[in-house]
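>>> What would the 3D arrangement of this be:
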Amino acid sequence: MRCSTVPRSLMAGADTPRPLAVIVAAYQSASTVGGVVSGVRRALPGASIYVVDDGSTDGTAGAVTGATVIAHARNQGKGAALASGISRAVADGAAVLATLDADGQHPPEMLPRLTAPVQSQEADLVLGSRTRGGSMPLARRATNWLSASVASRVAGAAIPDAQTGFRAFTRALAITLQPLLAVYRGYDYEAGFLLAALRAGFHVISVDVPTIYNGSPSHFRHWGDGWRVARVFARYLRGAT
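Residues are numbered from 1 along each chain as shown. Predicted coordinates for the structure are as follows:
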């Protein structure tokens, strides 16, 4: 486990597991979402699973079994999907939340490793950190390195993978950040979430997870989405010391 922290006092650890919720943001994922949900159920048998179908037209919602489906009537963006899932999980009483994508690039079997430090109250936010190796496309490696460098400067400590959407975090963090993140509707949500958590002094750590690229098409638009993410990092970098 690799740590990158901005100190914050955590509540005394509890001995009993706290209710878990897993949010899966899904768009045009009919061919993969069922396997992801099955993997989550095997990894965390007691967790509540929420799949947010963000206006898919390929039958994504119908490919889901064993999870609560939250359907957006139209595509609103990944950030909007995550916000919907997180809000519902918090309303249903989740104490520990995790997020992963529906395209199979986040291995569900790693969820216990991500959620354990949150369950034990050792961290407020745990990031699944991917290796910037040959399996990661070159363009993604470059942007991943740049965003990690900026996030590390904001944190004052190493953040190996600032763009990962494979995360676990506390209910308190979710409640604190939700009002601050209403403006982020797309891929900028995850950057805003991490940087706001760091700026607020929440305790953030990283754990290594496999880097998986299985050929599934990306919905990330390099110019439009890349510009929005860059603006988030620039905003926080201006305030970094």
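>>> And for G93, the neighbour number?
G93 has 11 neighbours, counted by other CB atoms under 10 Å. (Each C-beta comes from the backbone N, C-alpha and C, glycine too.)
>>> Helix or strand: which one has F193?
Using DSSP states H and E, F193 sits in helix 188-199.
>>> low-confidence ranges in this protein?
Residue ranges of the chain with pLDDT under 70: 1-15, 131-152, 154-155, 213-230, 232-234, 236-241.
>>> So which residues of it form strands?
For the chain, the strands defined by DSSP state E cover 2-3, 20-26, 48-54, 68-72, 96-101, 125-129, 167-170, 204-208.
>>> Just send these back as a markdown table, with distance to G156 and mean neighbour count too.
Shown next, in a markdown table, are the strands of the chain (distance: least, CB to CB, whole Å; neighbours: other CB atoms under 10 Å):
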| stretch | distance to G156 | mean neighbour count |
| --- | --- | --- |
| strand 2-3 | 13 | 14 |
| strand 20-26 | 29 | 27 |
| strand 48-54 | 33 | 26 |
| strand 68-72 | 36 | 17 |
| strand 96-101 | 25 | 26 |
| strand 125-129 | 15 | 25 |
| strand 167-170 | 20 | 26 |
| strand 204-208 | 11 | 21 |
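>>> Adding distance to K78, write these out as JSON lines.
Conversion of those to JSON lines gives the following (distance: least, CB to CB, whole Å):
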{"stretch": "strand 2-3", "distance to K78": "26"}
{"stretch": "strand 20-26", "distance to K78": "5"}
{"stretch": "strand 48-54", "distance to K78": "7"}
{"stretch": "strand 68-72", "distance to K78": "11"}
{"stretch": "strand 96-101", "distance to K78": "9"}
{"stretch": "strand 125-129", "distance to K78": "16"}
{"stretch": "strand 167-170", "distance to K78": "13"}
{"stretch": "strand 204-208", "distance to K78": "20"}
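>>> Out of the ones you listed, which gets nearest to T115?
Using CB to CB as the criterion, the shortest distance between T115 and these is 4.5 Å, found for strand 167-170.
>>> For the spatially most central residue of the chain, give me its contacts.
By CA atoms, centre = their mean, the chain has its centre lying nearest to G165, at 3.2 Å. Contacts for G165 were tallied using CB atoms under 8 Å, 6 or more residues apart in numbering; they are 25, 78, 82, 99-101, 106, 190.
>>> One more pass at 6 Å, please.
Contacts for G165 (CB atoms under 6 Å, 6 or more residues apart in numbering) come out as 99, 101, 190.
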